[in-house]
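Visitor: Any chance you could fold what I've pasted below:
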Amino acid sequence: MSNKVRLLTDQNILIHENYIPGEIELHTFNPALGLPETVNDYDALLVRTVNRIDDTTFIGRNTNIKFIGSATAGIDHINLPWLKKQGIKFAYSPGCNASSVGEYVAVALLCWSLKSGTDLTTLRAGIIGAGHTGTATERLLKNLSVHCVRYDPPKEALDTAFEGATLEEVLSCDILTFHTPLTYTGQWPTYHWLNREKLKNRSYQLIINAARGGVIDEEALQESYQQGNINDYILDVWEHEPAFDDKVAKSAYIRTPHIAGYSIQSKQKATRIVMGSLCKFFGIPSQGFSFTPPAPPPPEINYEYDNRDFQSLLGKLNPIFEYNRFLSSLIDLSSDEKKHQFQQIRTEFPLRHEHPYYKLDKVLLKRYPVLRALGFGIKQD
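Guide: Okay, here's the model as predicted:
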């Protein structure tokens, strides 16, 4: 009889049996098919946002599962009160995708400024949510010389050292970028935070949402856009995803399938954080284990080829427009096909490297100093 901890994990989580302690017996499942009927037989379960965990998750009332982890920064797919009632330990990976999301927002904003001919130094960006991703975004936007205003009442209430903007100050910005969880209750719910009331009699050059779709009332967003009060918007998340609204998607300057936080490094970090919690819970020594296989090196960037066009160079370094092209191809498909392909893109598209892991030629960085502002590394002689 094995005394190993039997772990069932989403097959798309970056974890490998050669990099975990011997006390763990690893099994995987395909999330597209749902949880297997044998889920109750395992000691621990690792999921992503595509699997909701609540009172409908398990078959029957008796489960052997003692630990559930989510290799994600968000937890709105988890019914925490229900897990607590069941006596199941929960852990997740806060901050794992902060750098990746910050890079997405910064690159999207830079591309938009090039397309619109807008001087970023003249703009004020309101950052709604000053946690891990909001902070990472602020750092990169400041590198681009964008003046940033932070708004986060819950953080302000808990952290006396944090000085946030007022609601009026953040709503008076030229750009709004969202970095909050999706919550429906409490003192500061975020569901439909940006709504008709807040948009009334206001104008924005750009709205960016790389948090959760329901944070923005998309009907109100579309109305304001059609009235000319919003010049452009960029959406990585959708109110009814994966069945996103075609009309809303068609009008977006950039439309992507919830991949702002997708990078090799963010996935590795998510695994390390949640697996560290799992090992601690089961009393398994974890020192010296990486849990994930080593990342392949970033592709070489040929200076002579990519120097011809900055935006195509940026697209090679951060494939935001590839994601945009894929999501655009789903517009007007049936709801079922759209859902299927939306999840397929998220699962099968190769993960990118975060900016510091690229080492670019000094000549290229000298020609385009903004690449340094975006955090790209320098190739050593």
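
Visitor: contact partners of the host helix or strand of residue 68?
Guide: Assigned by DSSP states H and E, residue 68 falls within strand 67-70. Residues outside strand 67-70 that contact it (C-beta atoms under 8 Å, 6 or more residues apart in numbering): 43-49, 53, 77-78, 83, 88-93, 274-275, 277-278, 281-282. (C-beta placed from N, C-alpha, C; glycine too.)

Visitor: buried set for whatever helix or strand comes next after it?
Guide: Per DSSP H and E, the first helix or strand lying C-terminal to strand 67-70 is helix 80-86. For helix 80-86, the neighbour count (16 or more other C-beta atoms under 10 Å) marks 83, 86 as buried.

Visitor: Output helix 80-86 as PDB, nothing but the C-alphas.
Guide: Output in PDB follows, covering the C-alpha atoms of helix 80-86 (Å, rounded to 0.1, in the frame of the first residue of the first chain):
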ATOM      1  CA  LEU A  80     -14.100  29.400  -0.500                       C
ATOM      2  CA  PRO A  81     -16.900  29.200   2.100                       C
ATOM      3  CA  TRP A  82     -17.900  25.800   0.800                       C
ATOM      4  CA  LEU A  83     -14.300  24.500   0.900                       C
ATOM      5  CA  LYS A  84     -14.000  25.700   4.400                       C
ATOM      6  CA  LYS A  85     -17.200  23.900   5.400                       C
ATOM      7  CA  GLN A  86     -15.800  20.700   3.900                       C
END
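
Visitor: How far off centre is it?
Guide: Taking C-alpha atoms, centre = their mean, to the nearest Å, one finds the center of helix 80-86 at 25 Å from the center of the full chain.

Visitor: and after that helix, which helix or strand comes next?
Guide: Next along from helix 80-86, by DSSP H and E: strand 89-91.

Visitor: just checking, what packs against that following strand?
Guide: strand 67-70, helix 80-86, helix 264-282 (3 or more C-beta pairs under 8 Å, 6 or more residues apart in numbering; DSSP states H and E).

Visitor: Which stretch among those is buried most, on average?
Guide: Among the helices and strands packed on strand 89-91, strand 67-70 has the highest mean neighbour count (mean count of other C-beta atoms under 10 Å), at a mean of 24.

Visitor: Pull the distance from that strand to the chain's centre.
Guide: Distance, centroid of strand 67-70 to centroid of chain: 19 Å (C-alpha atoms, centre = their mean).

Visitor: which stretch in the helices and strands packed on strand 89-91 has the least confidence?
Guide: Among the helices and strands packed on strand 89-91, helix 80-86 carries the lowest mean pLDDT, a mean of 91.

Visitor: Need the residues that contact it.
Guide: Contacts for helix 80-86 (C-beta under 8 Å, 6+ apart): 53, 54, 55, 63, 68, 90.

Visitor: What subset of these is buried?
Guide: Using 16+ other C-beta under 10 Å, the buried ones in these are 53, 63, 68, 90.

Visitor: so which one among those residues has the lowest pLDDT?
Guide: Scoring the buried ones among the contacts of helix 80-86 by pLDDT puts residue 63 last, at 86.

Visitor: for that residue, what are its contacts?
Guide: Contact analysis of residue 63 by C-beta under 8 Å, 6+ apart lists 39, 40, 86.

Visitor: one more time with 7 Å, if that's ok
Guide: Taking C-beta atoms under 7 Å, 6 or more residues apart in numbering, we find residue 63 in contact with residue 40.

Visitor: Residue 246 now?
Guide: 331, 332.

Visitor: I'd like the distance between it and residue 223.
Guide: As judged by C-beta to C-beta, to the nearest Å, residue 246 and residue 223 stand 16 Å apart.

Visitor: same question, residue 160
Guide: Distance from residue 160 to residue 223, by C-beta to C-beta: 39 Å.

Visitor: Next: residue 175.
Guide: 19 Å.

Visitor: higher neighbour count, these two?
Guide: The residue with more neighbours, out of residue 175 and residue 223, is residue 175; 26 against 14, by other C-beta atoms under 10 Å.

Visitor: Just read off the phi/psi values of the more buried one.
Guide: Dihedral pair for residue 175: phi -130, psi 140, per degrees, to the nearest 10.

Visitor: Can you check the pLDDT for it?
Guide: 98.

Visitor: same deal with the one 3 residues further on?
Guide: At residue 178 the predicted local confidence, pLDDT, stands at 98.

Visitor: same check, this time on residue 301
Guide: 80.

Visitor: try the one 4 residues further on
Guide: Note for residue 305: predicted pLDDT of 51.

Visitor: next one: the one 5 residues further on
Guide: Reading off the per-residue confidence, residue 310 sits at a pLDDT of 84.

Visitor: so who does it touch?
Guide: With the criterion set at C-beta under 7 Å, 6+ apart, residue 310 makes contact with residue 368.

Visitor: distance of it from residue 317?
Guide: Residue 310 is 11 Å from residue 317, by C-beta to C-beta.

Visitor: Who's the closest spatial neighbour of residue 256, skipping the chain neighbours?
Guide: Distance criterion C-beta to C-beta, 6 or more residues apart in numbering; nearest residue to residue 256, sequence neighbours excluded, is residue 323 at 4.1 Å.

Visitor: Quick check: the gap between the one you found and residue 255.
Guide: 8 Å.

Visitor: cool, and residue 329?
Guide: Distance from residue 329 to residue 255, by C-beta to C-beta: 11 Å.

Visitor: which one of those two has more residues nearby?
Guide: residue 255 (23 against 11).

Visitor: Would you confirm that the more buried one contacts residue 325?
Guide: No - counting by C-beta atoms under 7 Å, residue 255 stays clear of residue 325, with 9.6 Å between them.

Visitor: Find the residues that touch each one of residue 329 and residue 255.
Guide: With C-beta under 7 Å, 6+ apart, residue 329 and residue 255 have no common neighbours.
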